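>>> How does the following fold in three dimensions:
(chains A and B)
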Amino acid sequence: MKILVTTKRVTDPGTKIKLKADGSGIAADGVEFKPNPFCENAIEAAISLRDQHGGEVIVVSIGPDEADQTIRSAVAMGCNRAIRIDGNDGGLDGDLVARALAKLAESEQPDVFILGKQAVDGDSNQVGQLMAEYLGWPQATFASAITVTNGGKSAQVAREVDGGIETVEVDFPAVITADLRLNEPRFASLPNIMKAKRTAIEVKTLADLGVETTLKVRTTRFEAPPGRQAGKKVADVADLVQKLRNEAKVL
Amino acid sequence: MKRPTAFLDVQLDATELALRQNARRFAETVIAPNAHEWEEAEYFPDSLFRTAAKAGLLGVGFPEHLGGQGGTVMHQMMVTEGFIHGGTTGVMAGLGSLGIALPPILAGGSDDHVSRFIRPTLAGETIAALAITEPGAGSDVAGVRTRAVKDGTDYRISGSKLFITSGCRADFVTVLCRTSDDPHGGLTFFVVEKGMAGFSVSKHLQKTGWRASDTAELAFDEVRVPERNRVGAPGSAFLTLMKTFQAERLALAAMGHASAEFLLEAAAAYARERKAFGKVLTGHQVIRHRLAEMATQVAAAKAMNYAVGRRVALGDYLVAEVSMAKNFASDVATRIAYDAVQILGGMGYMRESAVERIARDVRLLPIGGGTTEIMNEIIGKTLGI
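Alright, predicted model coming up:
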């Protein structure tokens, strides 16, 4: 099985981010980056599928030079090859990323392309879906379990949807996006981290892939959400019902 | 607050940074959710040794060809910096007992010992402890009374050992014994295994901090140990021991700066949220200045540890410098523990708070691996003061 898998460096979700004073973006000063957690689930899934069924895993990321560290951490987990598509967050949107990855998929021809269901920075949750559409491949998003079926020609995917688990079957080549409960991403060992440091990362440009770089999404301004209001304490159930009816007007 | 030690990260290579991130993720997902329970129970499950080994975090600093993860003392520091985010030093200390128990065996250089003791321990399958201290002897090992007497092809060991980390659950203990009356030249290490007749845990000791780590008093009553469990030649322990002390002291120094930084971050986060007299604590100059001083101390301790660690990683044998680093970092940690608790006020005195726990834990740092006073003696002697 040949598997393509993505990774993305995101601002550490554990740190409080600050906006630039002019609202043009997030202040990068002093911000720490980590691999997107959903991407780590995708990588773990790709590696364990390869370990069960043979083949290779190619990790790809779109980003600047600094993204190499994130790519190397995927290699340290066990990916065989690494590709970085050179790009900067400012010049990208989900649609362009999807088109670039689709082009890469056309040239690499994997059996399956696994992505995180979304990145925890922008939380757009679009790339996997858009890419599947551009490629004309079946998609199974929010996967919480993947079982390869039909002698490696398709997969049964359990999807986490509102109210339960939906199971779908997709023929390869297919796009799968990973949810958090899909697996527990492994820890890369120090010897593997050392090896990953020496792994060559193939760098491609958007031009190499022949992708039109016009963006569909234009960011006008970033704003912090309004501060949360303090809650109210109610005396009893009657008081609660009265407040829900008359103040919140939800009853 | 920006990290006051971010400027030191440029000294770290990509493998060190990646390992630190891994260790932190492990600590936050595997240790932190259980920290309170394990600390209260004065225990953590044996299976954690295997889990940590599987995550590649147990054998860092030990050669790959012997089942370790490779890397240097700098990589070990990264594991310490990551592990502190588990919110307990006790678990880290317990998992780390092999870091002092295996080096003497490794120095002995026996293939038999590698396959019976080193490999399974680095794989998390067996648990190792080091036993030096006795009721009447600590860093002054010339006072060691536990005696190993030759008896045919075996040795008979008698005596007792105190404050032994992981001693209650250890599958084997690297025991410092006296094989002749020569104060330093008469010391030899033996590996005493669980189940050997006459070897017993006389007490599970209760401590101020490091509560999740088991600490034992061990009794040896005419324990018959085969000669093949002797480490190296008779009388060879002293030099090995001095090197093991170096590693232990640097590990404690790292625990010092890592604990101090953890406490500083927790105190700063609290001070930004907690209000007093109509403004957050950081709105009061007295608290801002205290945090500024804490940040300065943390940065200095960490810089010193990195400087010494980097030289040790390259193979330098730095006796005075390691002792200085340990003293400085443990002083900083002690002071910052006081300050952090002070900033948290009542919250800092509550058992549920990680600050309360780490603040108790750091009290060990100026004591373990040789007290501050012993370190000062060593520094004085080495520098020719």
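
>>> who in chain A is up against chain B?
A:30, A:34, A:69, A:72-73, A:76, A:186-194, A:197 (C-beta under 8 Å from any C-beta of the partner chain). Heads up, the C-betas are built off the backbone N, CA and C, glycines and all.

>>> What's the biggest helix in the chain, counting residues?
Since no chain was named, I'll use chain A. helix A:37-53 (DSSP state H).

>>> Oops, wrong one, chain B.
Longest helix in chain B, counting by DSSP H: helix B:237-273.

>>> which ones are touching the residue of chain B found nearest chain A?
Evaluated by C-beta to the nearest C-beta, chain B has residue B:56 as its residue closest to chain A, separated by 3.0 Å. Taking C-beta atoms under 8 Å, 6 or more residues apart in numbering or on different chains as the contact definition, residue B:56 lies against A:187, A:188, A:189, A:190, A:191, A:192, B:22, B:69.

>>> that older thread, looking at the residues of chain A next to chain B, which are in helices?
Using DSSP H, those in helices are A:69, A:72, A:73, A:76, A:190, A:191, A:192, A:193, A:194, A:197.

>>> Nearest residue to the first one in space, please, no chain neighbours.
To tie it back to what came earlier, the one meant is residue A:69. Closest residue to residue A:69 apart from its sequence neighbours, by C-beta to C-beta, 6 or more residues apart in numbering or on different chains: residue B:14 at 6.0 Å.

>>> The second one now?
The shortest distance from residue A:72 to any residue other than its chain neighbours is 4.5 Å, reached at residue A:196 (C-beta to C-beta, 6+ apart).

>>> Tell me where the chain has helices.
Since no chain was named, I'll use chain A. A:37-53, A:68-77, A:94-108, A:127-135, A:190-198, A:237-246.

>>> meant chain B actually
Under DSSP H, chain B gives helices at B:14-26, B:35-41, B:47-54, B:73-83, B:89-95, B:98-108, B:111-113, B:119-122, B:237-273, B:285-313, B:319-344, B:354-361, B:372-383.

>>> Might one say that residue B:87 is in contact with residue B:354?
Yes - using C-beta atoms under 8 Å, residue B:87 is in contact with residue B:354, at 3.9 Å.

>>> The two: who's more crowded?
residue B:87 (24 against 20; other C-beta atoms under 10 Å in any protein chain shown).

>>> who's in contact with the more buried one?
When contacts are taken as C-beta under 8 Å, 6+ apart, residue B:87 is in contact with B:27, B:31, B:32, B:35, B:354, B:357, B:358.

>>> Likewise for residue B:332?
Per C-beta under 8 Å, 6+ apart, neighbours of residue B:332: B:256, B:257, B:260, B:297, B:298, B:300, B:301.

>>> same deal with residue B:340?
Residue B:340 neighbours (C-beta under 8 Å, 6+ apart): B:263, B:264, B:266, B:267, B:294, B:348, B:355, B:359.

>>> Counting neighbours, what do you get for the first one?
The one in question is residue B:263. Neighbours of residue B:263 using other C-beta under 10 Å come to 28.

>>> Please list all residues in contact with it.
Neighbours of residue B:263 in contact, by C-beta under 8 Å, 6+ apart: B:333, B:336, B:337, B:339, B:340, B:355, B:358, B:359, B:362.

>>> Show the pLDDT at the fourth one.
It stands for residue B:339. pLDDT, residue B:339: 98.

>>> same question, the first one
In this prediction, residue B:333 carries a pLDDT score of 98.

>>> Thanks a lot, see you next time.
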